[in-house]
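>>> Need a 3D model of the following:
(one chain, ligands or ions: 1)
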Amino acid sequence: MSFDVEKIRADFPILRQEIRNRPLVYLDNAATCQKPQVVIDSIVKMYSHDYANVHRGVHTLSERATAAFEGAREKVKAFINAQSHKEIIFVRGATEGINLVAQTFGKANLKAGDEILITGMEHHSNIVPWQMLCEETGAKLKVAPINLQGELIIEQFMALLTEKTRLVSVAHMSNALGTVNPVKEIISAAHEKGIKVLLDGAQAIPHMEVNVQELDCDFYVFSGHKLYAPSGIGVLYGKQELLEAMPPYQGGGDMIRKVTFEETEYNVVPYKFEAGTPSIADTVALGAALDYLSEIGMAEIAAYEAELLSYATEKAKKIKGLKIIGEAAQKGAILSFVLEKIHPHDIGTMLDSLGIAVRAGHHCAMPVMDFFQVPATARASFAMYNTKQEIDTLMTGINQLIEVFG
Ligand code: 7TS
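Reported below is the predicted structural model:
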């Protein structure tokens, strides 16, 4: 299928509106992206026809809800090419996925003196759970540095992989810089030393094909809401033998096989990690989003977004006083920037007055801001429904700001 952005835009009702009397230009997709009609319809259908709790009732609605819920698990399995549906654990999002691994795999496998290796470009949710684990276990958090292009310095990363390292946890793609990390190289180097690897795929998965078997990562996490699906649902992929060896995360219903007051027998994976009633309709809608994306094709989306990014980068470089933060050779569709004399928060507010939504702030990556010695950046992050015309509108807006305030 050839990529037709206008056809795609027509699938997103929220984009058909004016903000401050201008057509909405939504460029905050790295924070969260908008939902196509098929995802909205899926939620409406679930609550209108098929809703009941899952894995419990013998009645028709519960059977329907369970089939739809487990059907979504199969869709996730296919989308990331996992070996088995048992490797797909539904969580609230990337954050919960990382916390789950820290609190189960981490607690079971780390002791004082062991090391966890991350990079200097991580989102707070791939820093803080490890700091908490280190506090609890006496393990140490090591950080591989980045360079001024916003790329991981791979030699230094390799030097920090030692016999003390128990886990590597890195962003597949950075939310603040757009950098796509050389994850295959990282994984094979870690595996040579018997070290497990978690990839934070929150930013990568909307922009590229992800094949967990080909990557050979041990864990992969992502959030539905950045992947055209609802918020409140995300995925932790883990290799089955690792998941089976890990202790459970939370205790409660659904994660057990048998409970007495003396002892509890846990359920099999993935249910062992899914305590309590899940976000049923959102999970089913995640499946609908994956069907929608598969129909368009992740390779086609990646190619189109690469075009958008290079167009935006070229235009941005022509603006005097604009500095791009993050110029990695391998980069996804994110343009972080600062302007001389105008604070990023003011950029955000002033662009909003033109109907343009960008994010301004530290992007939950304060160490990245410290490294580049900026308090914050303005960030335009693109999705498959954005157009070159919208990028032109953004650039015109930035030029206007500079004229008035610069
Ligand atoms: N990891 C990365 C790389 C992220 O970009 C984010 C969210 C998360 C993890 C956490 O995802 P959550 O869905 O569990 O919150 N990033 C952003 C952002 O860049 N702007 O808002 C949220």
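>>> Would you confirm that residue 313 belongs to a helix?
Yes. Under DSSP: H, G, I helix; E, B strand; the rest coil, residue 313 falls within a helix.
>>> Quick check, it in contact with residue 324.
Yes. At 6.9 Å, residue 313 counts as touching residue 324 under the criterion of CB atoms under 8 Å. For every residue, glycine as well, the C-beta is placed using N, CA and C.
>>> can you list residues touching both of these two?
The contact sets of residue 313 and residue 324 overlap at residue 335 (CB atoms under 8 Å, 6 or more residues apart in numbering).
>>> Doesn't residue 368 lie inside a helix?
Yes. Secondary structure assignment places residue 368 in a helix (three-state DSSP).
>>> now it, nearest residue through space, not along the chain?
Distances taken as CB to CB, 6 or more residues apart in numbering put residue 176 closest to residue 368, at 4.5 Å, once the chain neighbours are dropped.
>>> Residue 325 versus that neighbour, what's the distance?
Using CB to CB, to the nearest Å, residue 176 is found at 8 Å from residue 325.
>>> The two: which has the busier surroundings?
Applying other CB atoms under 10 Å to residue 176 and residue 325 shows that residue 176 carries more neighbours, namely 31 against 24.
>>> Show me what from the stretch 101-250 of the chain comes close to the ligand.
Within reach of the ligand by CB under 6 Å from any ligand atom, the stretch 101-250 of the chain has these residues: 123, 125, 126, 171, 175, 200, 202, 203, 223, 225.
>>> for those, which one is nearest residue 44?
residue 225 (17.8 Å; CB to CB).
>>> ok, and the closest non-adjacent residue to the closest one?
In space, residue 225 is closest to residue 231, 3.8 Å off (CB to CB, 6+ apart).
>>> Isn't that neighbour up against residue 95?
No. Counting by CB under 8 Å, residue 95 is not a contact partner of residue 231; they are 11.5 Å apart.
>>> okay, and the common contacts of the two?
What both residue 231 and residue 95 touch, as defined by CB under 8 Å, 6+ apart, is the set residue 223.
>>> what about those two, which has more around it?
residue 95 (21 against 15).
>>> What separation do you get for that one and the ligand?
Plainly put, residue 95 is 3 Å away from the ligand if you go by CB to the nearest ligand atom, to the nearest Å.
>>> what do you get for residue 313?
19 Å.
>>> what does residue 100 give?
Counting by CB to the nearest ligand atom, the separation of residue 100 from the ligand is 12 Å.
>>> is the ligand contacted by stretch 71-91?
No. Using CB under 6 Å from any ligand atom, stretch 71-91 stays clear of the ligand, with a minimum separation of 8.7 Å.
>>> for that stretch, the distance to its chain's centre please.
Put simply, stretch 71-91 sits 16 Å off its chain's centre (CA atoms, centre = their mean, to the nearest Å).
>>> So which bits of that stretch are buried?
Within stretch 71-91, the residues that qualify as buried are 72-73, 75-77, 79-80, 82, 85-91, counting by 16 or more other CB atoms under 10 Å.
>>> Contacts for that stretch next, please.
Stretch 71-91 is contacted by residues 70, 97, 100, 205, 210-214, 220-221, 233-240, 243, 268-270, 273-274, 278-279, 283-284, 286-287, 290-291, 293-294 when judged by CB under 8 Å, 6+ apart.
>>> one more time with 7 Å, if that's ok
97, 100, 210-213, 220, 233-240, 243, 269-270, 273-274, 278, 283-284, 286-287, 290-291, 294 (CB atoms under 7 Å, 6 or more residues apart in numbering).
>>> Next step: the buried residues of stretch 71-91 restricted to strands.
Counted as lying in strands by DSSP state E, out of those, are 88, 89, 90, 91.
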